[in-house]
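Colleague: Provide a 3D model corresponding to the input given below.
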Amino acid sequence: MSEHSIAPGRAHWKSAETWRRALFMVLFAIVFWIAEFLLLAVAVFQFGFVLVTGERNERLLRFGDDLSCLFHHLVGYLTFQTEEKPFPFSDWPGQTPED
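Modeller: Residues are numbered from 1 along each chain as shown. The predicted structure is shown next:
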């Protein structure tokens, strides 16, 4: 059985770990939804910044990159690609321990 397989039978229905995962999945779906609004805000603000200055805002570029990593981590957890919980239960994407 691979590490991503689910054991046969119905024991997983009674497993506290299964229900804990479901709770985290709901939480991370909400975080994903909030991140979508952040993405929209970054895109609109960056576009406005380019209209006014003719240049891209470097801080928004970095934040947008971090946000895309967050989406990657969230989707990975929600689709069972990983068991590692994303932010806020791990470091913010792009952040290293020495940051």
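Colleague: can you pull the contacts of the closest residue to S90 other than its chain neighbours?
Modeller: Closest residue in space to S90, ignoring its immediate chain neighbours: E84 at 6.4 Å, by CB to CB, 6 or more residues apart in numbering. Heads up, the C-betas are built off the backbone N, CA and C, glycines and all. Neighbouring residues of E84 by CB atoms under 8 Å, 6 or more residues apart in numbering: H73, G76, Y77, S90.
Colleague: Sort out for me which of those are in helices.
Modeller: H73, G76, Y77 (DSSP state H).
Colleague: and which of the residues you listed is nearest T53?
Modeller: H73 (31.5 Å; CB to CB).
Colleague: mind checking the backbone torsions on the residue nearest to S90?
Modeller: phi -70, psi 120 (degrees, to the nearest 10).
Colleague: going forward can the numbers begin at 32, since that is how I track them
Modeller: Let's use 32 as the start, then, which means that last one is E115.
Colleague: so where is the chain shaky, pLDDT-wise?
Modeller: 32-43, 126-130 (pLDDT under 70).
Colleague: Go ahead and flag the most central residue of it.
Modeller: L105 (2.9 Å; CA atoms, centre = their mean).
Colleague: shouldn't that one be in contact with A66?
Modeller: Yes - L105 is within contact range of A66, at 7.1 Å (criterion: CB atoms under 8 Å).
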